[in-house]
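**Q** sequence and predicted structure below; questions after.
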Amino acid sequence: MIQVGILGATGAVGQRFIQLLTDHPEFELRVLTASEASAGESYRAAAKWRVDSPIPERVADQTVRRTEPDAIPDDVDLLFSSLPSDVASEVEHDFVEAGYVVSSNSSNERRATDVPLVIPEVNPEHLDLIEAQRANRGWDGALIKNPNCSTITMVPALAALEQFGIERVHVATLQAVSGAGYSGVSSMDIIDNAIPHIGGEEEKMEAESRKLLGELGDGEVQYHDAAVTASCNRIPTIDGHLENVFVEFAEDPDTEAVAAAFEDAETIDLPTAPDPLITVFEDPERPQPRLDRMVGDGMGIAVGGIQETETGIKFNVLAHNTIRGAAGASVLNGELLAEDGWL
């Protein structure tokens, strides 16, 4: 078993990490870290448990450690990070410099030229950037990122359609409140309302999607040349990001060809990976967050509403934002790191 730890284990995404890593077939959860205020407490006392399953007993009594490299046992091989990006931008470097491999959900450095931004079913070869990262920075460990929750909802569907020559993408998102964290949006702001702006989200979608779909060569990623435009909106659902996607192609695929491409999307043989990756609904009223966010145990992508437009194809896509879009994405990247011998 590979010994793993979670940096920032008490927050919402940290709790999802615990849910996914408990009884994992390859990873044994050895270390939990949090802020200085929580260090030394039992996890049960330090975390206000909010996940939709009981807190695992073997985790509840673990002692929370300081988020510092000297607090981590030497036999831990992999760390998962759910730290706030302003903290992670400094702290993650400390761990990587100390020789740890960090699979991070935090947003810092996703666009750094030598940091792999990876969805295993889409661009596993981008892990080779680790060689350039180690050469550039003199690190013994490695830092790998998964994209943000709205990007990871859309990009697997786009990757399945790349065979038709993607030229332009427009997307409007309907994002769940859990994407902002437990205290991220006040109830007075979101109940009976929708918020047509999420700070920084549109820029993340536009840049991260092009990096993920780009080609790796000579130690760097050449971004995909498609034009991507995003409009991001917060709505009063709890979990599950729903997105309306409009794509223009070099070719002219019909709806049947697009649906077949989704159904044939490449899967990957890792413990947390869903099969199929993309579930296609014929019912034009699906997918819906409440009904379909747990497709593939929360790791799948749900697509529906495929229609032809004057300029291309439009469809709706949905994924669970705190599972596939956050903790689950990092766990899957950790499995890929292990599979490819980076640990």
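**A** Sure thing, it's come through. Numbers count the residues shown, from 1 in each chain.
**Q** show me where the protein has strands.
**A** Using DSSP state E, the strands of the chain run over 2-7, 27-34, 65-66, 78-81, 101-104, 142-145, 166-175, 215-217, 220-222, 227-234, 241-249, 278-280, 301-308, 313-319.
**Q** the second one pairs with which strands?
**A** This means strand 27-34. As defined by DSSP bridges, the strand partners of strand 27-34 come to strand 2-7 (parallel), strand 65-66 (parallel).
**Q** so how far is the first one off the chain centroid?
**A** The one in question is strand 2-7. The gap between where strand 2-7 is centred and where its chain is centred comes out at 18 Å by C-alpha atoms, centre = their mean, to the nearest Å.
**Q** please save the CA atoms from it in CSV.
**A** As requested, the backbone C-alpha atoms of strand 2-7 are provided in CSV (Å, rounded to 0.1, in the frame of the first residue of the first chain):
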residue,chain,number,x,y,z
ILE,A,2,1.1,3.5,-0.8
GLN,A,3,1.2,5.8,2.2
VAL,A,4,-0.6,9.1,1.6
GLY,A,5,-1.6,12.2,3.4
ILE,A,6,-4.0,15.2,3.0
LEU,A,7,-2.9,18.8,3.4
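**Q** neighbouring contacts of it?
**A** Outside of strand 2-7, the residues that reach it under the criterion C-beta atoms under 8 Å, 6 or more residues apart in numbering are 14, 17-18, 21, 26-33, 67, 72-73, 75-83, 88, 91-92, 95, 102, 334, 338, 343. C-beta here means a position set from N, CA and C on the backbone, and glycine is covered the same way.
**Q** only the buried subset of these, as a ChimeraX command please.
**A** The ChimeraX command for the buried members of these (criterion: 16 or more other C-beta atoms under 10 Å) is given here:
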select :14,17,18,21,26,27,29,30,31,32,33,67,72,76,77,78,79,80,81,82,83,88,91,92,95,102,334,338
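**Q** most tightly packed of the strands paired with strand 27-34?
**A** Comparing the strands paired with strand 27-34 on average neighbours per residue, with mean count of other C-beta atoms under 10 Å, the densest one is strand 2-7 at a mean of 24.
**Q** which outside residues touch stretch 81-99?
**A** Looking at stretch 81-99 with C-beta under 8 Å, 6+ apart, the contacting residues turn out to be 6-9, 11, 13-14, 17, 67-69, 72, 79, 102-109, 139-143, 326-327, 330.
**Q** restricted to helices, list those.
**A** Among the contacts of stretch 81-99, the members falling in helices are 13, 14, 17, 330 (criterion: DSSP state H).
**Q** and for the first one, the neighbour number?
**A** Counted by other C-beta atoms under 10 Å, the residues lying close to residue 13 total 25.
**Q** phi, psi of the residue nearest to it when sequence neighbours are not counted?
**A** Ranked by C-beta to C-beta, 6 or more residues apart in numbering and with sequence neighbours excluded, the top spatial neighbour of residue 13 is residue 82, at 3.9 Å. Per-residue torsions, residue 82: phi -120, psi 30 (degrees, to the nearest 10).
**Q** what distance do you get for residue 82 to residue 105?
**A** 5 Å (C-beta to C-beta, to the nearest Å).
**Q** now do the shared contacts for these two.
**A** Applying C-beta under 8 Å, 6+ apart, one finds that residue 82 and residue 105 are jointly contacted by 13, 326, 327, 330.
**Q** the third one contacts residue 16, doesn't it?
**A** It stands for residue 327. Yes: in this structure, residue 327 sits in contact with residue 16. The criterion is C-beta atoms under 8 Å, and the distance is 3.6 Å.
**Q** how many residues are close by the nearest residue to residue 96 once chain neighbours are set aside?
**A** Once flanking residues are discounted, residue 96 sits nearest to residue 141: 4.0 Å by C-beta to C-beta, 6+ apart. Residues lying near residue 141 (other C-beta under 10 Å) number 22.
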